[in-house]
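[1] Predicted model and sequence follow; I will ask about them next.
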Amino acid sequence: MTTFIPFIQIGLSLLLITLILIQQSDAGLGSAFGSDDGGVRRTRRGAEQMIFTATIVVAILFTVSAIAALVLR
């Protein structure tokens, strides 16, 4: 079982990177310097919500696999 954990982590890390890069970001360069967007809030819907949820799930799975690799060592 311990021989498969690095391959699982590689797959999860690539999937996590892809999901993070797919997400849409409305933050411009101005928000990095403290500009305010006027308090406009936007909710995620449809595919954007699914990608956001999948990112959280994959991040949790990656964390669990990293802890499992340390414990099973």
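    Yep, that arrived.
[2] Let me know whether Ile8 touches Ala66 as I believe.
    No. Ile8 is not in contact with Ala66 according to C-beta atoms under 8 Å; the separation is 10.1 Å. Glycine gets a C-beta too; all of them are placed from N, C-alpha and C.
[3] And the helices in the protein, which stretches?
    5-22, 29-32, 47-71 (DSSP state H).
[4] Flag whichever of the ones you listed has the least confidence on average.
    The weakest mean pLDDT among these belongs to helix 29-32, with a mean of 60.
[5] Contact partners for the residue nearest in space to the middle of the chain?
    In the chain, the centroid-proximal residue (C-alpha atoms, centre = their mean) is Thr55; its distance is 3.8 Å. Contacts for Thr55 (C-beta atoms under 8 Å, 6 or more residues apart in numbering) come out as 16, 19-20, 23.
[6] right, and Gln24 touches Glu48 too?
    Yes. Contact status for Gln24 versus Glu48: in contact at 6.5 Å, counting by C-beta under 8 Å.
[7] neighbour-wise, which of these two wins?
    More crowded of Gln24 and Glu48, by other C-beta atoms under 10 Å: Glu48, with 14 against 9.
[8] Please tell me how far that one sits from Pro6.
    Using C-beta to C-beta, to the nearest Å, we find Glu48 at a distance of 32 Å from Pro6.
[9] repeat for Thr53
    Note on Thr53: its distance to Pro6, by C-beta to C-beta, is 26 Å.
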